[in-house]
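In: sequence-free structure coming up:
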């Protein structure tokens, strides 16, 4: 069965371009469109798609509020946020609200397709450009993040770091020589310990905690 998608963007040309790319895939189907956040929420409630592709800047209800409403009232619908990336704070807020992925509007067609498929499979994908820009910002402007409910094990720290660097479950498994099932187990434990909704929340916590910097400094010291 094809993954059912709703497109939410106030620009008709963007929706048309995304529809053309996604409908060309045999396993993906655009079932609805909306030009504002309120209409997108109504469409999601009536159609219950697998994935909602949402712009951050929309009239009536922006993508941040839409993401929040969807994750709270329709948890089965995965939200992938699309941004021109001129508002970093919006991206960070959406991370905390439970978005399952982030794309730049100028991303390649293959990246768009991969992000939708990842979201439908319960995974998440963040454009590498977004990952690196957010990571750079968080290094410069350290944020206060809650302490974990329980200390993270060394392996959980490794998994969390790789999530923050934008790796998929299969990539993490290959990097750490563990199975995809084991990766999912670690992610579930991390979500519970960090009190976040998904892997994107894990990434946000890592960026704010400085864990990536600590690991990189440790690796640099070992190589000296």
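Out: Structure received. Predicted, not measured: the structure shown is a model, and the values here were computed from it.

In: the bottom helix or strand of the chain by mean pLDDT?
Out: helix 211-223 (a mean of 49; mean pLDDT, DSSP states H and E).

In: mind listing what's buried in the longest helix belonging to the chain?
Out: Using DSSP state H to define each element, the chain has its longest helix at helix 180-194. The neighbour-count check on helix 180-194 (16 or more other Cβ atoms under 10 Å) flags 182, 183, 184, 186, 187, 189, 190, 191, 193, 194 as buried. Heads up, the C-betas are built off the backbone N, CA and C, glycines and all.

In: what's next to it, contact-wise?
Out: 146, 148-150, 152, 155-156, 159-160, 163, 169-170, 172-173, 176, 196-199, 201-202, 205 (Cβ atoms under 8 Å, 6 or more residues apart in numbering).

In: hmm, which of these are the buried ones?
Out: 148, 152, 156, 159-160, 163, 169, 172-173, 176, 196-199, 201-202, 205.

In: my read is residue 4 is in a strand, agree?
Out: Yes. Applying DSSP: H, G, I helix; E, B strand; the rest coil, one finds residue 4 inside a strand.

In: Verify the stated contact: residue 104 with residue 112.
Out: No. Contact criterion Cβ atoms under 8 Å: residue 104 and residue 112 do not qualify, at 9.9 Å.

In: These two: which has the busier surroundings?
Out: residue 112 (24 against 17; other Cβ atoms under 10 Å).

In: Nice, that's everything, thank you.
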